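Trainee: no FASTA, just this:
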């Protein structure tokens, strides 16, 4: 004996359940397919590899000058050159990190100190497309002693540490 509801209302209910299952199943498959993403590389060969950086102070400089409250001391240009990128076609970007004693703030400039291009702390810099393999970049660091610095720090040569890294980029 069948317990299935053979009335028109029962058949309509069964058809509605089947239709809902088909719509939900098809809708889910379509939604999953729409999340697929891909991007093409620009034309031409792409090669990655390792490379090194060489740094050199340009100008006569060996130490920071003594700092006084609200006064700054600038380094000469620091030339950063990517070296040893034989066969690499990927471009690179510059990431300077400056660690300074308490009460000292630093600012990194592309080119000479005071230029319009500042490399913000914690960020990297490269022109559109990145720097070419073998390209050199000049930068400068300005250190400023806070107005409220303790007397023990005033008039001393406080030495920030400058670390420069480079990352390969595809832009």
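Mentor: Arrived safely, thanks for sending. Predicted model only: the values in this text are computed from it and were never measured.
Trainee: show me what the one helix or strand residue 54 maps to is packed up against.
Mentor: Per DSSP states H and E, residue 54 falls inside strand 52-58. Counting contacts by 3 or more C-beta pairs under 8 Å, 6 or more residues apart in numbering; DSSP states H and E, strand 52-58 is packed against strand 77-83, strand 161-169. The way it works is simple: take the backbone N, C-alpha and C, and place the C-beta from them, glycine included.
Trainee: which one of those strands lies closest to residue 104?
Mentor: Each of these has some distance to residue 104 by C-beta to C-beta; the shortest is strand 161-169, at 11.2 Å.
Trainee: how about low-confidence regions in this protein?
Mentor: When residues are selected by pLDDT under 70, those of the chain lie in 1-50, 85-89, 170-171.
Trainee: that one: strands as residue ranges?
Mentor: Under the criterion DSSP state E, strands of the chain are mapped to 52-58, 72-74, 77-83, 91-99, 104-110, 118-119, 136-145, 161-169.
Trainee: need those strands in CSV (columns: mean neighbour count and distance to residue 154).
Mentor: Listed next are the strands of the chain as CSV, based on neighbours: other C-beta atoms under 10 Å; distance: least, C-beta to C-beta, whole Å:
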stretch, mean neighbour count, distance to residue 154
strand 52-58, 12, 26
strand 72-74, 18, 13
strand 77-83, 18, 26
strand 91-99, 19, 20
strand 104-110, 19, 12
strand 118-119, 16, 26
strand 136-145, 20, 7
strand 161-169, 15, 21
